[in-house]
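Participant: Please find the sequence and the predicted model below.
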Amino acid sequence: MTGLSLPRWAGDAAVGLALAVAGVALAIMAWPIPRGEVGNPGPGFMPFVLGLALVGLGLACALRALREHDATAVVLANRKAAVCLAMLLAAALAFIPVGFVPTVAVMLSVLFAVLAGMPWWRAALSGCGASLALFAVFQYALGLGLPAGIWPF
């Protein structure tokens, strides 16, 4: 095995706790947003409920991992994980200045090629097609404005 490895239960517990912490952060950020009422929810209702759900599911994942104590080793860091993290970081930095369509097209193309093992030409076509389809859904079907960046829309 290459890369950093640890027992599966420890990794599962760490991920569960990280999800619970993220849920707490989401619920705290959603708290000042008006939540409305059950029959008429406001804009803060769903983020707050999702934050609470994430806390519950994260803690359940961590408790299950601690209870089962699976000794199977899992690899934390390998080439595919590094590519995923690098692409997420690059996409986060490029999203506003470069725009949605080119950023997502490049990110998906690289991920399709590296993770799915697609040939580069097919990964590029799939990434571009998926990016345009996502743009159409968000921009036209849902009416959400996306960063244009260098994209001429």
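Facilitator: Cool, got the structure. Keep in mind it's a predicted model, so treat the numbers as computed, not measured.
Participant: what lines up beside the lowest-mean-pLDDT helix or strand in the chain in the sheet?
Facilitator: Ranking every helix and strand in the chain by mean pLDDT, DSSP states H and E puts strand 73-75 at the bottom, with a mean of 73. In the sheet, strand 73-75 lines up against strand 5-7 (antiparallel) (DSSP bridges).
Participant: Just the CA atoms of the next helix or strand after the partner strand, as CSV, please.
Facilitator: Counting by DSSP states H and E, the element after strand 5-7 in chain order, helix or strand, is helix 8-30. Extracted C-alpha coordinates of helix 8-30, given in CSV (Å, rounded to 0.1, in the frame of the first residue of the first chain):
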residue,chain,number,x,y,z
ARG,A,8,-10.8,2.1,9.2
TRP,A,9,-12.6,2.8,12.4
ALA,A,10,-10.3,5.8,13.1
GLY,A,11,-10.9,7.3,9.7
ASP,A,12,-14.6,6.8,9.8
ALA,A,13,-14.8,8.4,13.3
ALA,A,14,-12.7,11.3,12.1
VAL,A,15,-14.9,11.9,9.1
GLY,A,16,-18.0,11.6,11.2
LEU,A,17,-16.7,14.2,13.7
ALA,A,18,-15.6,16.5,10.8
LEU,A,19,-19.2,16.3,9.4
ALA,A,20,-20.7,17.1,12.8
VAL,A,21,-18.4,20.1,13.1
ALA,A,22,-19.3,21.3,9.6
GLY,A,23,-23.0,20.9,10.6
VAL,A,24,-22.5,23.0,13.7
ALA,A,25,-20.8,25.7,11.6
LEU,A,26,-23.7,25.6,9.1
ALA,A,27,-26.3,25.8,11.8
ILE,A,28,-24.5,28.7,13.4
MET,A,29,-24.2,30.6,10.1
ALA,A,30,-27.9,29.9,9.4
